[in-house]
Each structure stands twice: as structure tokens, then as C-alpha cells.
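# Everything below, folded, please.
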Amino acid sequence: QVQLVESGGGLVQAGGSLRLSCAGSGRTFSAYAMGWFRQAPGKEREFVAAISGSATITHYADSVKGRFTISRDNAKNTVYLQMNSLKPEDTAVYSCAAGLSADTIIKYYNSWGQGTQVTVSS
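Next up is the predicted model:
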């Protein structure tokens, strides 16, 4: 398993931008697909974006397509989520996860970070 630590969350006004980072441990980081998920109060955790180990495959939830971009730097063991044109409904705790494939389904990820809060004010 890989250990993951997220950073970059915060408070931003609607229309603003944030970039989340997820730093992973271990020399095999590039072997893992990485995903971002979010959970808003009172709601289930939902898929946001995923990227394959080689960064050749990406997937996005329809709700963030065109606004969010997932990327990774395997030399730095880090995956990013650039979030633009943020909306109040993007408010949630964002968590990164590592898995064997760039999947949209939570159960295929087996290592999780602790999460970082993103709050978008109207």
C-alpha cells in the first residue's frame, strides 16, 4: 500500500480556483492509478476524477468535466487536481486514493488520504 497526504484545500469564492495536491510514499507510486473523490455533508462519497499510472488515461465526473483537471508528476510522487470555476456545490472534503486502475468506483481503491476541506462561498 501507499501512504497519501492531501494539501491545498481552503475557502474560495464562487468562480475561483484551487489546486489540490496528493503526495504519495514509496518507489512504486507510478504503478498506481490515482483518483480524487469528495464527500459533502450528509452525502455519500462520490467520484471526481482519476488518472492512470502513466497519465495516459483520465476520467472525470460529468459535474466537473471542463472545470477540473487531474494530473500527476511521478518524479515527485504527486497527483494534482486543478479546480477552476468553482461552485458552492463543489464544497466537500476531497480525498485522493490509490488503486490498480483509473476507475470511477470507490471499491477498487485500497489506499486513501485523510482528506482536505474545500469550501466555496457564494
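
# end-to-end on stretch 94-106?
13 Å (CA to CA, to the nearest Å).

# and what of stretch 82-99?
End-to-end for stretch 82-99, by CA to CA: 20 Å.

# which parts of that stretch are buried?
Neighbour counts over stretch 82-99 (16 or more other CB atoms under 10 Å) mark Met83, Leu86, Asp90, Thr91, Ala92, Val93, Tyr94, Ser95, Cys96, Ala97, Ala98, Gly99 as buried. Glycine gets a C-beta too; all of them are placed from N, C-alpha and C.

# Any idea how far it is from the middle of the chain?
6 Å (CA atoms, centre = their mean, to the nearest Å).

# follow-up on the earlier one: may I see the buried residues of stretch 82-99 arranged in a markdown table, with pLDDT, distance to Ala75 and secondary structure as well?
Below are these laid out as a markdown table (pLDDT from 0 to 100; distance: CB to CB, whole Å; DSSP: H, G, I helix; E, B strand; the rest coil):
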| residue | pLDDT | distance to Ala75 | secondary structure |
| --- | --- | --- | --- |
| Met83 | 98 | 23 | strand |
| Leu86 | 98 | 28 | coil |
| Asp90 | 98 | 29 | helix |
| Thr91 | 98 | 32 | coil |
| Ala92 | 98 | 29 | strand |
| Val93 | 98 | 28 | strand |
| Tyr94 | 98 | 23 | strand |
| Ser95 | 98 | 23 | strand |
| Cys96 | 98 | 18 | strand |
| Ala97 | 97 | 21 | strand |
| Ala98 | 96 | 17 | strand |
| Gly99 | 94 | 21 | strand |
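
# between those, which is nearest Gly42?
Nearest to Gly42 out of those is Ala92 (CB to CB; 10.8 Å).

# and the gap between that closest one and Ser52?
Distance, Ala92 to Ser52, using CB to CB, to the nearest Å: 24 Å.
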